[in-house]
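Participant: Take a look and give me a structure for this.
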Amino acid sequence: MFIAPIRLAAFVLLAAAFAGPAAAQLPGGLGGAVGDVTSGVGGAVGRVGDTVEGTSTGVLDRADGAVDTLRERTTRELRAARETEANLLRRAHPDIIDVDRNGDIVVRSEVVAVAPSTDALAAARARGFTISQTTEESALGLTIVVLRAPSGMSTRNAVDALREIDPAGTYDFNHVYLGAGANEPGAPGARQSSGGGGSASGRIGLIDSGVDASHPALAGLSIRQRGFVGSNAIAGAHGTAVASLLAGDAPDFHGAAPGASLSVADVYGGQPNGGGAAAIVAALGWLAEQRTGVVNVSLVGPPNRALEAGVRAMVARGFVIVAAVGNDGPSAPPLYPAAYPGVIGVTGVDARDRVLPEAGRGGQVDFAAPGSDITAAAPGGGYARVRGTSYAAPIVAGLIARNLSAPNPDAAARAEAQLTSSAADLGARGADQTFGAGVVGRELRNSEQRVAARNRR
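Facilitator: Numbers count the residues shown, from 1 in each chain. As a prediction, the model looks like this:
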């Protein structure tokens with residue numbers, strides 16, 4: 001009786017994964033088709049969830065056991081979900097998007113170099129490379145150069161060639177990072193409960209798409225936005241939702257740090273090559289100049305040498321980076337930047353404190369927070385139900401920001417320790433690879449009754 005609904009729920013995880021920032025960048029027909037699939041299946045699983053929640057405890061226990069079994073069987077499918085999203089982007093823009101040897105998507109013909117020497121750049125030019133961008137990140141002590149491969153050279157061969165030219169240098173692909181969550185259309189118009197308590201006195205950083213600053217949940221905030229792909233920040237569903245969970249402040253909606261000022265770095269700009277490592281590092285540099293003590297990054301992707309250098313410089317200067325661990329499944333390799341040392345990795349739990357079956361696990365998990373059965377702001381003034389570790393991360397970032405108004409290594413350590421002491425231990429006693437130190441921010445979750453009431457208005 002319950003096996004079919006559970007399988008349907010697993011399918012929803014795959015469909016929902018298609019609806020991140022990359023899907024929004026696809027051509028209208030393809031992007032719309034992805035959205036239609038997500039909406040239809042999302043509504044179905046919402047109805048299944050309502051049915052399951054109304055059953056007896058014994059039946060729920062049996063359903064939980066079936067879910068546990070299904071989690072193991074669907075690890076490959078969960079990993080395939082983000083890969084499918086990446087493949088859709090690549091197929092829609094084959095002239096712009098390529099893949100590395102591991103199948104991770106990259107910006108075609110681009111190589112990112114960290115502080116290359118003058119001699120190395122001269123040698124690269126002699127081989128036909130051109131410099132398309134140079135960024136001096138003085139606040140981080142980094143110089144990032146994006147080189148373009150000569151005509152006819154593949155992206156993979158371009159990276160190999162530069163590493164051969166300058167073996168001591170740092171060269172990598174311009175990997176593209178995707179959001180770690182999606183909208184669940186089962187509750188349009190829903191509002192989140194007030195959550196109560198505390199706000200951040202400083203400015204919080206957000207690396208994502210642009211946000212709809214006119215949304216009622218965000219309109220009263222001081223928001224600075226800057227585009228790092230294209231000239232202007234462009235509001236997106238993912239960034240708007242994350243921003244509202246981070247600092248939203250309206251009569252019946254509060255983020256984790258309600259009313260906090262935001263510095264929003266749009267690394268997508270509505271472009272198919274958005275979300276690249278070079279853009280993210282440039283965004284980190286800008287946020288370092290803004291003195292944003294806490295930075296939220298609800299994006300995931302493979303390890304990247306330039307991104308690692310940027311993260312390392314931020315952490316050394318006392319900034320706190322909070323990142324989603326991703327939705328590739330419990331057995332998937334770690335995703336970045338959450339897995340870099342010093343980054344606070346966040347997983348998601350549902351309304352019953354069960355870890356999301358699609359959430360990553362491992363030593364990169366530091367905290368758990370609500371990652372489903374929650375609503376967030378949507379562009380245009382409405383609200384939508386959201387799901388994924390993308391939406392758990394801003395809850396943790398906002399809670400830390402209440403106690404960290406500016407970068408400071410000692411203050412950052414104290415803020416994290418304070419959050420650890422408030423976490424509700426789940427799973428194995430003490431910190432573990434599923435929940436980290438435990439769940440925080442439970443009070444920021446809306447109730448299903450409140451969702452239903454808002455829908456009737």
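Participant: Next, residue 159: secondary structure please.
Facilitator: Classification of residue 159 into helix, strand or coil gives helix, according to DSSP: H, G, I helix; E, B strand; the rest coil.
Participant: Quick check: the gap between it and residue 329.
Facilitator: Between residue 159 and residue 329 the computed distance is 28 Å (C-beta to C-beta, to the nearest Å). Where you see a C-beta, it was placed from the backbone N, CA and C, and this is true even at glycine.
Participant: Neighbours of residue 220, how many?
Facilitator: The burial count assigned to residue 220 is 12, neighbours taken as other C-beta atoms under 10 Å.
Participant: Please name the nearest non-neighbouring residue to it.
Facilitator: In space, not counting the residues next to it along the chain, residue 220 is nearest to residue 249; the distance is 5.8 Å by C-beta to C-beta, 6 or more residues apart in numbering.
Participant: That neighbour pairs with what?
Facilitator: Listed beta-bridge partners, residue 249: residue 254 (assigned using DSSP bridges).
Participant: Tell me the pLDDT of it.
Facilitator: Confidence at residue 249, expressed as pLDDT, is 90.
Participant: now residue 99, nearest residue through space, not along the chain?
Facilitator: residue 105 (5.7 Å).
Participant: these two touch, right, that neighbour and residue 88?
Facilitator: No. Between residue 105 and residue 88 there is no contact under C-beta atoms under 8 Å: 10.2 Å.
Participant: neighbour count winner among these two?
Facilitator: residue 105 (29 against 20).
Participant: Report how many residues lie close to residue 222.
Facilitator: A count of nearby residues for residue 222, using other C-beta under 10 Å, gives 12.
Participant: where along the stretch 51-200 of the chain do the helices fall?
Facilitator: Taking DSSP state H, counting those that start in this stretch, the helices of the stretch 51-200 of the chain run over residues 57-73, 75-92, 118-126, 155-165.
Participant: In the protein, spot the strand with the most residues.
Facilitator: Across the chain, the longest stretch assigned as strand under DSSP state E is strand 105-114.
Participant: Just the buried positions in that one, please.
Facilitator: Taking 16 or more other C-beta atoms under 10 Å as the basis for neighbour counts, the residues of strand 105-114 that come out buried are 105, 106, 107, 108, 109, 110, 111, 112, 113, 114.
Participant: any idea of the angle it forms with helix 155-165?
Facilitator: Compare the direction of strand 105-114 with that of helix 155-165 by axes from the mean of the first three to the mean of the last three C-alpha atoms, to 10 degrees and you get 20 degrees.
Participant: Return strand 105-114 as PDB; C-alpha atoms alone will do.
Facilitator: Extracted C-alpha coordinates of strand 105-114, given in PDB (Å, rounded to 0.1, in the frame of the first residue of the first chain):
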ATOM      1  CA  ILE A 105      30.300  20.800 -16.300                       C
ATOM      2  CA  VAL A 106      32.700  23.700 -17.000                       C
ATOM      3  CA  VAL A 107      32.800  26.800 -19.100                       C
ATOM      4  CA  ARG A 108      34.100  25.800 -22.500                       C
ATOM      5  CA  SER A 109      37.600  26.900 -23.400                       C
ATOM      6  CA  GLU A 110      38.200  28.700 -20.100                       C
ATOM      7  CA  VAL A 111      41.000  28.000 -17.600                       C
ATOM      8  CA  VAL A 112      41.200  29.700 -14.300                       C
ATOM      9  CA  ALA A 113      44.700  30.500 -12.900                       C
ATOM     10  CA  VAL A 114      45.600  31.600  -9.400                       C
END
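Participant: State the paired neighbours of that strand in the sheet, together with their directions.
Facilitator: Partners of strand 105-114, by DSSP bridges, with direction: strand 97-99 (antiparallel), strand 142-148 (antiparallel), strand 170-175 (antiparallel).
Participant: And the contacts of the last one?
Facilitator: Among residues not part of strand 170-175, those counted as contacts by C-beta atoms under 8 Å, 6 or more residues apart in numbering are 100, 104-107, 110-116, 146, 155, 159, 162-163, 276-278, 301-302, 304-307, 309.
Participant: If any of those are buried, put those into a ChimeraX selection.
Facilitator: Here is the ChimeraX command that selects the buried residues among those (16+ other C-beta under 10 Å):
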select :100,104,105,106,107,110,111,112,113,114,116,146,155,159,162,276,277,278,301,302,304,305,306,307,309
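Participant: what's the helix or strand encompassing residue 416 packed up against?
Facilitator: With secondary structure defined by DSSP states H and E, residue 416 is part of helix 409-422. Secondary structure elements in contact with helix 409-422, counted by 3 or more C-beta pairs under 8 Å, 6 or more residues apart in numbering; DSSP states H and E, are strand 320-324, helix 389-401.
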